[in-house]
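Enquirer: sequence? don't have it. structure:
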């Protein structure tokens, strides 16, 4: 199983939207996909079609000592996902404590226990860095996707993001999300980012498009809801880029095998 | 009232001063006098006529020609852009059954050939080529060795050409050469090319030797004079053929050289954009694109050289940051303009673009490498590429189907010249080194083709030139046949002038092969007279029974057919990608008449004539027939067709012992008629409706709709004023919607405001709205200025197959006559056809 952590240092860059839509696009291409929510906001399930208000999820399972399979879901687009679940404050602290105590290999081990097919691509949604959840995701990940906006705030915090992913520099890639190419400043920032990050920045940017929000509102992924929109086109492109990355880098399979 | 007036009234002649009217009214009633059809006739005829009109698809019931063509030809709707649709079906209609019959037979006959060709696929030719090259390198290592080799080859050719053979032997020789050529023409590499060229040299030399020694009638008389004319024309053709082989058999095909990584080592470049009377709409994109070329900002200066001294151009230069140079006179036109700019600028290199040639961003980075590699290199030329169809392409509908007139020169001839270090400067899309240019006194001003003459002067000083066949700029083709011909006349006249004033065969400084390349280029422009001789020669026999060739038809055939076949096969091998077989004759037939006089005059007195600016960016508002321009071909075509008729009559009457000669001359006249038909087709001007030319290109684009949605599309074509796009699914955007369109340049996206003017579900037409100067530059960079904008353009034209090319030319020949008849129809006064109209109203 290939594990990809989607991380960022600023909020609101669209991590969860990206995770959900990317998972759907990958599933549409026939890749077995698992979307895993490690973000206490518990919004990934909503993006993948689960009605709001249901509390079960992996955090609760962990605390209850149950198997994760119990809270696993699968939507009509063929995406398996594990919601984070709704926890009250006390349980939340207990979960965080557990994450802190468990050490870096914990998530990786637990994911290995799920017994999913070896080709499965697991996308891990995280809260913004630095956080104990995101740290656990980074430790488990074979690839890291740093999510960026072409905003000045993102650019300012890029250094922090690079620092927190420094341990896996050669396996860390970046994606530009919610780009408004009609604004000159965003274009300028994109140019600077491309200059700084080089090939690590995906050539496929994801445009800002109301179709994304409309899709979420209508309980669907944008590639399903508005397949001919630019955003759907971009997510498809992103999925293709990711798959080519996975295929060209066979090393992760070996790493996986070595650990087992 | 005078008797004339009375007679005119009686006949219904409106204008008694026009003899044509009198003639017409003698046979046709005037509209006032025409009686309507009697009712008893009109009533039953009317439904019948309507039925016929509908079923036959008569386009204009009043025109008898429309009826005729509807009866004889299979009609197809003619789209405005492509004007040749109908001709295809004419041919199919006539020849398809024949072809169906012959095809299996031909396939069966060709079976052994195909088996053998299949075997070739398994042979490793690369190793053989390498071995051959080693041997030839050893053989030609020293000058004496080369000389000896050359003498041996010349001696061999001489003996092959002059050995007398019986008819049977000559026929056998031809068959051997022909079959061998058919076998080896598919083999890759240089050796087969050389063998095929060798065969062609042998066949043609044998022919010309035979003609010179066996077939001349030396008794004075009209036979003698005409015969001499023909043999002169044929000798000219032979010389040009041989020189062409020298020039083109081994093109150099130079590749770009990388520049050093350190941009401090890159030289300073001045870009000159000379203009005189062109509209600012044509010049502006060029200026913007030149400014946007990838080169260090402090080392690139762009100058508009305005001989028109127009305020709008000064403002354009000021707004865009280009320099603006004028002078107080217009001496020596473009050459003088450039020379004046030389005195007021100081860049080490000078890049010159005609004001409509838009360079791509990578132009300088592609071109400048060779100057740094070779310090003696004084000039580098890149191809002239045209993104709009020239009059040939537009009027025949061959745009991007058949290589155009220029593609032979820029695809092959220049590369061939480059091998001998004899690349010509073509006046635009080129870079010159300032030092050598100043040394020869700037751009040459003595002739009207200042560019070629400048290169000649550089070569005489011992400088090198280079040709890089990478399309790095594109411009507009001439917009009408008349201006196209005007441009060619200027070139022909200029070349003839150079030939007279600074003959490349004489004077110092040139290598032998440089002389030959120049000589060929100049001789080439004297094709006018020989071509006219060929177009009229068969008529001497058909009309006046003069024997211009003193030989039996069969003897002529066994000598001339090898010459024609082998030359055609050799040229298909060498230049197939750049010039399809038989097209040279079409191009030459169109231009021949017009360049005869200028070249002859220029040879007699090189100082006659002035520079005429080639018109660009104009419009042909309506389809029309360029009678004025086509008149010479009309006359030539009529005399050839009449000659054919006479031939038929003579065959009919049984002209006894000369049947084969009649047939041969008729075939010749038929060939001429077809070529002239194609020439006439070029004269029928198709409409050119758009002010800005649409350039086909397939690029991703994003539409930003006012409601926040975005839509991915691909461009179908673009121009400076708008785009045509297609989306993957019906997009439902209302016509008139204002939106933004985003285009990418590298990884950067630029957006432009636009309005939808047309939407057919998935096909969108949009017009760009007013742009800021900065946006105009960006649009230029995303479209015309893309480094890859023109790279794949020439890959799409299919390569040559002599037979299908003949078929093509044949089609265009027939279509030319058809369009001539349509043009005639437009000339006939409508009241001429009153009766027909009555019947159908």
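Expert: All right, it came through fine. Since this is a predicted model, take the numbers as computed values, not measurements.
Enquirer: For residue B:243, see how far away the residue positioned nearest the centre of chain B is.
Expert: Residue closest to the average C-alpha location in chain B (C-alpha atoms, centre = their mean): residue B:405, at 2.0 Å. Separation of residue B:405 from residue B:243 (C-beta to C-beta, to the nearest Å): 19 Å. Just so you know, the C-beta spots here come from the backbone N, C-alpha and C atoms, and that holds for glycine as well.
Enquirer: before we move on, what about residue B:806?
Expert: Noted for residue B:806: a distance of 25 Å to residue B:243, by C-beta to C-beta.
Enquirer: And for residue A:65?
Expert: Going from residue A:65 to residue B:243 by C-beta to C-beta gives 94 Å.
Enquirer: With residue A:180 instead?
Expert: As defined by C-beta to C-beta, residue A:180 lies at a distance of 62 Å from residue B:243.
Enquirer: And residue B:128, by the same measure?
Expert: Relative to residue B:243, residue B:128 is positioned 29 Å away (C-beta to C-beta).
Enquirer: repeat for residue B:121
Expert: Relative to residue B:243, and taking C-beta to C-beta, residue B:121 is found at 35 Å.
Enquirer: Between these two, tell me which one has more neighbours.
Expert: It is residue B:243, of residue B:121 and residue B:243, that has more neighbours when counted by other C-beta atoms under 10 Å in any protein chain shown, with 17 against 8.
Enquirer: quick one, what contacts the more buried one?
Expert: By C-beta atoms under 8 Å, 6 or more residues apart in numbering or on different chains, residue B:243 lies in contact with B:516, B:519, B:520, B:523.
Enquirer: From those, which land in helices?
Expert: Among the contacts of residue B:243, the residues falling in helices (DSSP state H) are B:516, B:519, B:520, B:523.
Enquirer: Among those residues, which pair sits farthest apart?
Expert: Spanning the widest gap among the ones in helices among the contacts of residue B:243 are B:516 and B:523, at 10.0 Å by C-beta to C-beta.
Enquirer: Same drill for the two, tell me which one is more crowded.
Expert: residue B:516 (20 against 17).
Enquirer: my guess is that one contacts residue B:244, does it?
Expert: No: if you go by C-beta atoms under 8 Å, residue B:516 and residue B:244 don't touch, sitting 10.3 Å apart.
Enquirer: okay, and the common contacts of those two?
Expert: What both residue B:516 and residue B:244 touch, as defined by C-beta under 8 Å, 6+ apart, is an empty set.
Enquirer: need the contact list for the closest residue to residue A:43 other than its chain neighbours.
Expert: Nearest residue to residue A:43, sequence neighbours excluded (C-beta to C-beta, 6 or more residues apart in numbering or on different chains): residue A:16, at 4.9 Å. Contacts for residue A:16 (C-beta under 8 Å, 6+ apart) come out as A:37, A:39, A:41, A:43, A:44, A:47, A:125.
Enquirer: next one: residue A:6
Expert: A:15, A:18, A:19, A:123, A:124, A:125, A:126, A:145, A:147.
Enquirer: could you redo those residues as CSV and give each row pLDDT and secondary structure?
Expert: Listed next are these as CSV, based on pLDDT from 0 to 100; DSSP: H, G, I helix; E, B strand; the rest coil:
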residue, pLDDT, secondary structure
A:15, 90, helix
A:18, 92, helix
A:19, 92, helix
A:123, 92, strand
A:124, 91, strand
A:125, 91, strand
A:126, 90, coil
A:145, 90, strand
A:147, 91, strand
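Enquirer: right, quick check: the longest strand seen in chain B against chain A, any contact?
Expert: Ranked by residue count under DSSP state E, the longest strand found in chain B is strand B:748-759. Yes: applying C-beta under 8 Å from any C-beta of the partner chain, one finds strand B:748-759 touching chain A at B:748, B:749, B:750, B:751.
Enquirer: buried residues in that strand?
Expert: Neighbour-count burial for strand B:748-759, counted by 16 or more other C-beta atoms under 10 Å in any protein chain shown, picks out B:748, B:749, B:750, B:751, B:752, B:754, B:756, B:759.
Enquirer: Same check on stretch A:229-240?
Expert: Applying 16+ other C-beta under 10 Å to stretch A:229-240 flags A:229, A:230, A:231, A:232, A:233, A:234, A:235, A:236, A:237, A:238, A:239 as buried.
Enquirer: Quick one: the contacts of residue B:243 as TSV, columns for distance to residue B:145 and pLDDT too.
Expert: What follows is the contacts of residue B:243, written out as TSV (distance: C-beta to C-beta, whole Å; pLDDT from 0 to 100):
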residue	distance to residue B:145	pLDDT
B:516	21	92
B:519	26	90
B:520	26	90
B:523	30	88
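Enquirer: between those, which is closest to chain A?
Expert: The nearest member of the contacts of residue B:243 to chain A, counting by C-beta to the nearest C-beta, is residue B:520 at 49.2 Å.
Enquirer: for that closest one, what are its contacts?
Expert: Counting by C-beta under 8 Å, 6+ apart, residue B:520 has contacts B:240, B:243, B:244, B:246, B:247.
Enquirer: now that we have those, which one has the most neighbours?
Expert: residue B:247 (28 neighbours).
Enquirer: quick check, distance from stretch B:210-218 to the centre of its chain.
Expert: Here the centre of mass of C-alpha atoms in stretch B:210-218, compared against the chain's by C-alpha atoms, centre = their mean, to the nearest Å, lies 35 Å away.
Enquirer: Kindly report the same for stretch B:699-708.
Expert: Distance of stretch B:699-708 from the chain centroid (C-alpha atoms, centre = their mean) equals 40 Å.
Enquirer: Do any residues in it lie close to chain A?
Expert: Yes: Stretch B:699-708 lies within reach of chain A by C-beta under 8 Å from any C-beta, at B:702, B:703, B:704, B:707, B:708.
Enquirer: Redo those residues as a markdown table? Include neighbour count.
Expert: Shown next, in a markdown table, are these (neighbours: other C-beta atoms under 10 Å in any protein chain shown):
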| residue | neighbour count |
| --- | --- |
| B:702 | 22 |
| B:703 | 24 |
| B:704 | 23 |
| B:707 | 8 |
| B:708 | 12 |
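Enquirer: Which neighbouring elements make contact with the helix or strand containing residue B:212?
Expert: Assessed by DSSP states H and E, residue B:212 sits inside helix B:190-214. Identification of packing neighbours for helix B:190-214 by 3 or more C-beta pairs under 8 Å, 6 or more residues apart in numbering or on different chains; DSSP states H and E yields helix B:125-139, helix B:143-162, helix B:167-184, helix B:222-248, helix B:553-575.
Enquirer: for chain B, what are the nearby residues on chain A?
Expert: Residues of chain A found near chain B (C-beta under 8 Å from any C-beta) are A:181-182, A:187, A:190-191, A:194, A:203, A:207-211, A:226-231, A:233-234.
Enquirer: Just the buried ones from these?
Expert: A:181-182, A:187, A:190, A:194, A:207-209, A:211, A:226, A:228-231, A:233-234.
Enquirer: Taking the contacts of residue B:520 together, which two end up most distant?
Expert: That would be B:240 and B:246, which, of these, are the farthest apart (C-beta to C-beta) at 10.7 Å.
Enquirer: Pop out the phi and psi values for the closest residue in space to residue B:501 that isn't next to it in sequence.
Expert: Among residues not flanking residue B:501 along the chain, residue B:606 sits closest, at 5.0 Å (C-beta to C-beta, 6+ apart). Main-chain torsions, residue B:606, degrees, to the nearest 10: phi -60, psi -10.
Enquirer: for residue B:606, what are its contacts?
Expert: With contact set as C-beta under 8 Å, 6+ apart, residue B:606 has these partners: B:447, B:496, B:497, B:500, B:501.
Enquirer: of these, closest to chain A?
Expert: Here the nearest of the contacts of residue B:606 to chain A, counting by C-beta to the nearest C-beta, is residue B:447; it sits at 49.2 Å.
Enquirer: I'm done for today, thanks for sticking with me.
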